[in-house]
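S.K.: just a sequence and a predicted model for now, questions to come.
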Amino acid sequence: MNEHKAYLPSRTERKDYTLFLDRDGVLNEPIVDDYARQPSDLILVSELANSIEALLVQFKRVILVTNQQGVGRKVMSDIDLEDVHLKMYNHLKNRDVQWFDAAFFAPYLKTENHTWRKPNNGMLHKARAYFPDIDWKKSIMVGDSPGDMQLADSLGIIKVRIANPQFSFDNQDFKFDTVADFVAAE
């Protein structure tokens, strides 16, 4: 645990923070050892629209960062991934909730060790190229996997873990059962 990040920023402080969100296991139900290959495979978590709406108000910026190795493995195409994300986009739009400030995905195989693939931090550096005012000391990574937490460690970012029974680790600053629980945290 990062002792220097022993507190979760207050709602007032969060307005100066950038939030990075993982997708699988955070915004949609995890699929063990498989991928959301088509929209019907993507089961969004309960209260997703309300959670995203609240996060967009609470934070200066909300950015989606997700590994999507299924594209690299060729079990799905870029178009399939776009269709999956379109389902989430439409879910939010139909509830008058805007999309994220930016969204990045890493289609690369784990074996490639590509700079974009988490736990590497290339997606976050790309986000910073678009938004130069991103301050790692005023950033939070919300994810469910060890790779998400390792990514946050590499930049000194606050680590928020969403519980996922398929992962057993203890490298987070804060842990919540759901993204809605994180949203409600004071």
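M.R.: Cool, got the structure.

S.K.: for the rest of this, base every contact and every neighbour count on C-alpha atoms.
M.R.: Fine.

S.K.: show me where the protein has strands.
M.R.: Ranges of strands in the chain, per DSSP state E, are 18-21, 61-67, 102-106, 139-143, 158-162, 174-176.

S.K.: can the ones you listed go into JSON lines with extra columns for mean pLDDT, mean neighbour count and distance to residue 88?
M.R.: Listed next are the strands of the chain as JSON lines, based on pLDDT from 0 to 100; neighbours: other Cα atoms under 10 Å; distance: least, Cα to Cα, whole Å:
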{"stretch": "strand 18-21", "mean pLDDT": "98", "mean neighbour count": "24", "distance to residue 88": "14"}
{"stretch": "strand 61-67", "mean pLDDT": "98", "mean neighbour count": "23", "distance to residue 88": "12"}
{"stretch": "strand 102-106", "mean pLDDT": "97", "mean neighbour count": "18", "distance to residue 88": "12"}
{"stretch": "strand 139-143", "mean pLDDT": "97", "mean neighbour count": "26", "distance to residue 88": "17"}
{"stretch": "strand 158-162", "mean pLDDT": "96", "mean neighbour count": "26", "distance to residue 88": "19"}
{"stretch": "strand 174-176", "mean pLDDT": "96", "mean neighbour count": "18", "distance to residue 88": "22"}
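
S.K.: between those, which one is nearest to residue 78?
M.R.: Judged by Cα to Cα, the one of the strands of the chain that comes nearest to residue 78 is strand 102-106, at 10.2 Å.

S.K.: list the helices and strands the closest one packs on?
M.R.: In terms of contacts (3 or more Cα pairs under 8 Å, 6 or more residues apart in numbering; DSSP states H and E), strand 102-106 is packed against strand 61-67, helix 122-130.

S.K.: adding distance to residue 185, write those out as CSV.
M.R.: Formatted as CSV, those follow (distance: least, Cα to Cα, whole Å):
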stretch, distance to residue 185
strand 61-67, 17
helix 122-130, 24
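
S.K.: residue 140: which of those is closest?
M.R.: Among the helices and strands packed on strand 102-106, if distance is taken as Cα to Cα, the winner is strand 61-67, at 9.7 Å.

S.K.: pLDDT weak spots in this protein?
M.R.: Within the chain, the stretches with pLDDT under 70 are 1-6.

S.K.: the helices in it, which residues?
M.R.: 11-14, 48-58, 69-72, 78-93, 122-130, 146-155, 179-184 (DSSP state H).

S.K.: show me the contact partners of the last one.
M.R.: Where contact means Cα atoms under 8 Å, 6 or more residues apart in numbering, the residues beyond helix 179-184 that reach it are 26-27, 47-48, 51, 54-55, 162, 176.
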